[in-house]
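Enquirer: Show me the folded form of this:
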Amino acid sequence: MYDKALRSGRAVAVEITKVDATQYARLAAFLAVFEQRSFRGAATRLGTSASTLSRMVRLLEQDVGTRLLNRTTRSVAPTQAGEALYMRVSASVIDIEHAIRDAGLHRTLPRGVVRINLPRLAAGQAILPRLAAFAVAYPDIRLDLVIDDLLSDVVRDGFDAGIRSGALVDRDMIAVRMTPDLTTTVVGSPAYFSGRTLPNAPDDLHVHMCINYRWKETGVSPPWRFRGPGGPIAIKVSAAVSVNDSNLVLAAALAGVGLAQLPGSAVASHLERGELIGVLQPWCDSIPGFFLYYPSRTHLSAAFRAFIDFFKAR
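Expert: Residues are numbered from 1 along each chain as shown. Here you go, the predicted model:
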């Protein structure tokens, strides 16, 4: 483990190719005694006993094969080897202590990077409306928002959390509601409805051109869901176009390609401006809102806790 050449009588520096937790503790004990020139003073500084430090320094000396400290009942002084070891490792140990301290600050101070994986629709519904206010409230937090309509593994891919529809969140995840449930709306452009009859019931969709959302991972397009007098209704529409991007669904509807089923909040401004026409309103149902999900409640950074508290549904 140690280079034997470093045990000579000249200035000794110990090369440790692998330092485990026990060896680190012994080094820390040695450094404290070296700096205090006293086992008792070092023990007070570290909150332990002088006898414990004496034993740890003795074990370190056995590890390196040479005496590091000369001690009498009245004084402690480093040997030449002890001086060399201190010069070699003290800066590294201080760096480690500072790194541990700085890592602990992430638990108490809201700063650093928060990485979130989310679909495009969730970004528009759950994040963008309040993003500017969050940036003002937490200037030391940098949000890394990765738009992803796939059902990615957020733990495997290094994200703090993901945002998905409540229907898609795994049961073993912690889930925090970000938005209320979303009311769906079926819309088409005035150009599309020119010369066509507006649908009066979900079954009428079979004679219309429709724009379907399709999951890239599975190739499946979910049915359009409604609620009638007898309960839920699921309609498999005949799609003129299938896309895996909710923005493209909206863009295609605006372009007159066909009908689209989207959350009402995503199309409200287009309805107000007359760019889209809503149909089947009495039949439209709600779908689960968006939830933030992550694997564990323990050891959350202050930045991530601030993100949760700020964006969770009020």
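Enquirer: give me the low-pLDDT residue ranges for the protein?
Expert: 1-21, 94, 96-108, 151, 167-168, 217-219, 297-299 (pLDDT under 70).
Enquirer: Tell me how it divides into domains.
Expert: 4-108, 112-180+290-311, 182-285 (automatic domain parsing).
Enquirer: can you put those in TSV and add mean neighbour count?
Expert: All C-beta atoms are positioned from the backbone trio N, CA, C, and that covers glycine. As requested, the domains of the chain are exported to TSV (neighbours: other CB atoms under 10 Å):
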stretch	mean neighbour count
domain 4-108	15
domain 112-180+290-311	17
domain 182-285	16
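Enquirer: Contacts only, for residue 78.
Expert: 34, 68, 69, 70, 86 (CB atoms under 8 Å, 6 or more residues apart in numbering).
Enquirer: Look up phi and psi at the fourth one.
Expert: Per-residue torsions, residue 70: phi -90, psi 130 (degrees, to the nearest 10).
Enquirer: Show me the helices in the stretch 51-200 of the chain, by range?
Expert: 80-108, 120-122, 128-137, 190-193 (DSSP state H, counting those that start in this stretch).
Enquirer: Identify the residues contacting the third one?
Expert: When contacts are defined by CB under 8 Å, 6+ apart, helix 128-137 is touched by residues 141, 143, 307, 310, 311.
Enquirer: Tell me which residue is most central in this structure.
Expert: residue 160 (1.1 Å; CA atoms, centre = their mean).
Enquirer: Residue 235 versus that residue, what's the distance?
Expert: From residue 160 across to residue 235, the span is 37 Å (CB to CB, to the nearest Å).
Enquirer: What of residue 148?
Expert: In terms of CB to CB, residue 148 sits 28 Å off from residue 235.
Enquirer: likewise residue 36?
Expert: The gap separating residue 36 from residue 235 is 79 Å, by CB to CB.
Enquirer: if I pick residue 233, what's in contact with it?
Expert: Going by CB under 8 Å, 6+ apart, residue 233 touches 202, 225, 226, 227, 283.
Enquirer: is it fair to say the third one lies in a strand?
Expert: Right, residue 226. Yes - assigned with DSSP: H, G, I helix; E, B strand; the rest coil, residue 226 falls within a strand.
Enquirer: in the sheet, who's paired with it?
Expert: residue 233, residue 284 (DSSP bridges).
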